[in-house]
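S.K.: Next come a sequence and a model predicted from it.
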Amino acid sequence: NNGVVQIFTRRGRVGAPTITVSSSFGWSELEKRIPFALTPLNPDGTAAVRYDHQDLIFRDGTQMDHHISLSGGGGETRYYLSGGYTEEEGIMRGAEHDKLNVRLNVDQGFGAFQLSAGANYIRTNGDVVINGEQGEGSLLTQIVFTPTTTNLAARNPETGQLLFSGGVGANPLEYTISSH
């Protein structure tokens, strides 16, 4: 093909209607945890409570894809109608994506001429937590540089707001909560 990219659009074929359905499911998980120093003592030998915040940030991710199509035609007319839905939860809380798409292609012959028409609708929603995109620092950077003696899940008992005194910027858990 000498570097030529070919794109083929699905079209209907003359014949009885054909329905195709497919679904797939999957999951992803954190490959390796960050090895934080969680020793129970401070350097001066006093007791210390330490926190590993990775369970607050990471989760097992899930993916699902569903597709259905109908194609067929008769005489001089062919059609292809398809729809799909995809939903993904990333391994980092707050990272999610879903997509809905519908496509219709119709081909109509008029003797020696042919008229083809198509329509496509796509709706997509995405929430991402990208390193460095949150304005005051990033989620992963905040987690790595927050002292392990800071409890990120602690809340103000009166307001319910997350407390944070361990680093620069807001509590990194705010990023995962505000994305919903």
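M.R.: Sure, I can see it.
S.K.: quick one: low-confidence parts of this protein?
M.R.: 1-9, 129-138, 165-169, 175, 177-180 (pLDDT under 70).
S.K.: now do 90
M.R.: Counting by pLDDT under 90, the ranges of the chain that qualify are 1-15, 30, 33-58, 75, 90-95, 111, 126-156, 159-180.
S.K.: That one: strands as residue ranges?
M.R.: 15-28, 61-74, 77-89, 96-110, 113-127 (DSSP state E).
S.K.: so can I have JSON lines of those showing distance to residue 164 and mean neighbour count?
M.R.: In this view, the C-beta of every residue, glycine as well, is placed from N, C-alpha and C. Listed next are the strands of the chain as JSON lines, based on distance: least, Cβ to Cβ, whole Å; neighbours: other Cβ atoms under 10 Å:
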{"stretch": "strand 15-28", "distance to residue 164": "29", "mean neighbour count": "10"}
{"stretch": "strand 61-74", "distance to residue 164": "26", "mean neighbour count": "16"}
{"stretch": "strand 77-89", "distance to residue 164": "25", "mean neighbour count": "17"}
{"stretch": "strand 96-110", "distance to residue 164": "24", "mean neighbour count": "16"}
{"stretch": "strand 113-127", "distance to residue 164": "21", "mean neighbour count": "11"}
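S.K.: Columns distance to residue 44 on top of those strands, output as CSV?
M.R.: Output for the strands of the chain, formatted as CSV (distance: least, Cβ to Cβ, whole Å):
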stretch, distance to residue 44
strand 15-28, 41
strand 61-74, 41
strand 77-89, 43
strand 96-110, 44
strand 113-127, 43
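S.K.: closest one to residue 162 among those?
M.R.: Ranking those by proximity to residue 162 (Cβ to Cβ) places strand 113-127 first, at 18.4 Å.
S.K.: What are the contacting residues of the closest one?
M.R.: Applying Cβ atoms under 8 Å, 6 or more residues apart in numbering, the contact partners of strand 113-127 are 9, 94-109, 179-180.
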